[in-house]
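A.B. asks: Structure for this input, please:
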Amino acid sequence: MQSNFVIPVSNPLCSYLAQKTAIDDAVRKVLESGTYILGKEVTGFEEEFKQYIGCSFGIGVASGTDALEIALRALQIGEGDVVFTVSLTAVATVAAIERTGASYFFVDIDPQTYTMDPYSLSKAIIHQKENGEKEPKAIVSVHLYGQPADINSIIEIAKEHNLAVIEDCAQAHGAAINGKKVGTFGDVSTFSFYPTKNLGAFGDGGIVCCDNEKLANKIRSLREYGWESRYVSTHKGINSRLDEIQAAILRVKLSTLQADNNRRNAIAGIYNNAALGTTIRLPIIRRNITHAFHHYVIATRRRTELQQLLLSRGIGSGIHYPVPVHLQEAYREENRCNSFALPETERACAQVLSLPVYPQLKEGEVQKIAENISSWPGG
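C.D. replies: Reported below is the predicted structural model:
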């Protein structure tokens with residue numbers, strides 16, 4: 001009898017089962033503590049996470065989207081300002097910019113890494129300065145799929161034009177450039193702990209990281225109504241607090257993040273070897289880069305055909321992302337600053353396909369996926 005089981009493209013349940021005893025104990029301790037908001041678990045996780053990535057301050061918030069919005073607002077970005085970012089990203093990146101009242105200017109991607117193209121960025125900034133009415137203020141650089149963007153080049157451009165740099169690290173926990181982890185390059189960085197992330201909670205969560213104490217204090221105030229002291233708001237903030245239960249879970253899972261990322265890289269290596277000689281376009285990793293492989297993303301002009309074939313053989317896949325943000329109805333015009341073409345972005349969205357790469361995949365499942373990649377006829 002043929003099994004109907006399909007290997008899912010992501011499986012957060014497996015990450016729970018892998019550490020079930022420790023996670024259950026951590027949750028129980030929170031429930032029995034009587035403290036559920038901004039207690040010692042949040043403080044402990046903030047300390048451990050900032051040490052892990054190598055920055056001075058980490059402030060836990062309720063989601064990755066909130067993290068981006070709060071980071072932008074802490075940098076005093078809002079109405080009348082322009083933020084440069086990419087359209088090949090989760091819509092949360094753009095939603096956060098819009099929530100501040102700022103406008104967004106989409107920049108095309110490097111077709112090999114799918115991350116922000118510095119040349120396109122430079123051209124966009126100059127265009128906005130010469131032709132736009134609103135002031136260029138910041139860059140949100142997305143480290144997509146676990147691949148670090150060319151952040152050093154982006155920072156050089158930002159310095160030339162006096163722009164702030166926010167790193168969107170929602171998909172890049174543990175990724176690094178020359179051994180230095182992403183989230184430590186820009187003025188401020190943000191992470192998401194959505195359940196499918198490399199470091200995922202079992203609910204929503206996020207964190208904002210930086211090295212500037214004054215900025216960190218502003219972020220900490222913004223996440224809780226703009227309070228400087230309890231019940232007294234010195235400026236307008238929001239309610240966005242990482243809760244104790246999620247923080248306790250994240251502390252457990254942080255202890256295995258590096259090993260999990262190593263496993264993701266090992267699986268990616270097996271897929272790469274299997275696809276040699278096929279026409280599938282494999283992930284390209286720039287020199288001196290440590291990829292986190294949040295997604296293992298291939299590209300083919302016959303994506304639908306390949307996806308259906310894999311599904312018929314019990315292998316799930318995903319598309320990250322099928323429609324770039326600039327072509328989505330909600331973001332076609334409102335707050336847009338430009339009419340630049342984004343050919344590489346649109347080409348990627350038509351061809352990319354994500355294969356399962358989570359660390360709890362069984363050896364047999366990895367081999368099954370690899371064998372089906374190696375037998376793909378091409379296109």
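A.B. asks: What are the boundaries of the strands in this protein?
C.D. replies: Taking DSSP state E as the criterion, the chain carries its strands at 57-61, 81-86, 103-107, 135-142, 164-168, 176-177, 180-181, 188-192, 206-210, 227-229, 232-233, 289-290, 296-299, 352-355.
A.B. asks: Quick check: which of the ones you listed is nearest to I249?
C.D. replies: Minimum separation from I249 across the strands of the chain (Cβ to Cβ) falls at strand 57-61, 12.3 Å. For glycine as for every other residue, the C-beta is placed from the backbone atoms N, C-alpha and C.
A.B. asks: domain parsing for this protein?
C.D. replies: Domain segmentation of the chain under automatic domain parsing yields 14-254, 256-374.
A.B. asks: Redo the strands of the chain as JSON lines? Include distance to R264.
C.D. replies: Below are those laid out as JSON lines (distance: least, Cβ to Cβ, whole Å):
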{"stretch": "strand 57-61", "distance to R264": "23"}
{"stretch": "strand 81-86", "distance to R264": "23"}
{"stretch": "strand 103-107", "distance to R264": "28"}
{"stretch": "strand 135-142", "distance to R264": "19"}
{"stretch": "strand 164-168", "distance to R264": "19"}
{"stretch": "strand 176-177", "distance to R264": "14"}
{"stretch": "strand 180-181", "distance to R264": "15"}
{"stretch": "strand 188-192", "distance to R264": "17"}
{"stretch": "strand 206-210", "distance to R264": "21"}
{"stretch": "strand 227-229", "distance to R264": "39"}
{"stretch": "strand 232-233", "distance to R264": "42"}
{"stretch": "strand 289-290", "distance to R264": "11"}
{"stretch": "strand 296-299", "distance to R264": "8"}
{"stretch": "strand 352-355", "distance to R264": "12"}
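A.B. asks: Tell me which of these sits nearest to I315.
C.D. replies: Closest approach to I315 among these is made by strand 352-355 (7.6 Å; Cβ to Cβ).
A.B. asks: The closest one packs against which elements?
C.D. replies: strand 296-299, helix 303-312 (3 or more Cβ pairs under 8 Å, 6 or more residues apart in numbering; DSSP states H and E).
A.B. asks: Using a markdown table, please lay out the strands of the chain together with mean pLDDT, distance to V9 and mean neighbour count.
C.D. replies: Shown next, in a markdown table, are the strands of the chain (pLDDT from 0 to 100; distance: least, Cβ to Cβ, whole Å; neighbours: other Cβ atoms under 10 Å):
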| stretch | mean pLDDT | distance to V9 | mean neighbour count |
| --- | --- | --- | --- |
| strand 57-61 | 98 | 27 | 26 |
| strand 81-86 | 97 | 22 | 26 |
| strand 103-107 | 95 | 26 | 25 |
| strand 135-142 | 97 | 20 | 24 |
| strand 164-168 | 98 | 21 | 26 |
| strand 176-177 | 98 | 25 | 20 |
| strand 180-181 | 98 | 25 | 19 |
| strand 188-192 | 98 | 17 | 30 |
| strand 206-210 | 98 | 22 | 29 |
| strand 227-229 | 83 | 41 | 12 |
| strand 232-233 | 84 | 43 | 11 |
| strand 289-290 | 98 | 22 | 20 |
| strand 296-299 | 98 | 9 | 22 |
| strand 352-355 | 98 | 6 | 22 |
